[in-house]
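A.B. asks: Structure, please.
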Amino acid sequence: MSTGSVEQFQQSLSRLDTASTAVVPDELASTVADLIEPPAVGAELPFDGLSLADAPVTLDPSPSRLREAVTGVSGSRMGIASLGTVAVESRAEGDEFVALYPERHVVVVRASDLRTDLSDAFGWLRAEFEADRQSFILATGPSSTGDMGALVQGVHGPEEVHVIIVRDNE
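C.D. replies: Model prediction:
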């Protein structure tokens, strides 16, 4: 995806009070280490050539580790540039739990996996459903609710989100 889409994605994230950092692949491990607050849990990234193996996170966490975690780190194979939305897939690696239980979510998305808008994202989802991958959460910014009056963050998920965008080798 073009640099313009990365910039649009970051602008959308900023409007949602969601921080973002664009990095090249070699900077991923140090950026993850800088962004987590321990204890941290993670779901191994769904990308060839990118891994959390060297990151200071517990992979394949137990339920007690999830409860104790302050930060969760996962990957997203799709982001929507115009909305600042990421797709959290329910995989055996535990992406959904890692993304939703800790109070801070650090999510990694590749620039090449950014879709321009919702229409483009639905095309991607259709292909995923046809490939029998059928459980995704579309997450936009920190969790928030206004059900009981004032807007409250962190009730149904993380109260803080930071998106790391991994640029293609340019």
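A.B. asks: Only C-alpha atoms from now on, for both contacts and neighbour counts.
C.D. replies: Fine.
A.B. asks: need the next SSE after the strand or helix carrying Ser64, C-terminal direction.
C.D. replies: Using DSSP states H and E, Ser64 sits in helix 63-68. Along the chain past helix 63-68, the next helix or strand (assigned with DSSP H and E) turns out to be strand 71-76.
A.B. asks: Would you map the helices across this structure?
C.D. replies: Counting by DSSP state H, the segments of the chain that form helices are 3-15, 28-35, 63-68, 95-100, 118-130.
A.B. asks: which other helices and strands contact the last one?
C.D. replies: Put plainly, it is helix 118-130. In terms of contacts (3 or more C-alpha pairs under 8 Å, 6 or more residues apart in numbering; DSSP states H and E), helix 118-130 is packed against strand 79-80.
A.B. asks: and stretch 16-26, how far from the chain's centre?
C.D. replies: How far stretch 16-26 lies from its chain's middle: 10 Å, per C-alpha atoms, centre = their mean, to the nearest Å.
A.B. asks: Buried residues, that stretch. List them.
C.D. replies: Residues of stretch 16-26 classed as buried under the neighbour-count rule (16 or more other C-alpha atoms under 10 Å) are Leu16, Thr18, Ala19, Ser20, Ala22, Val23, Pro25.
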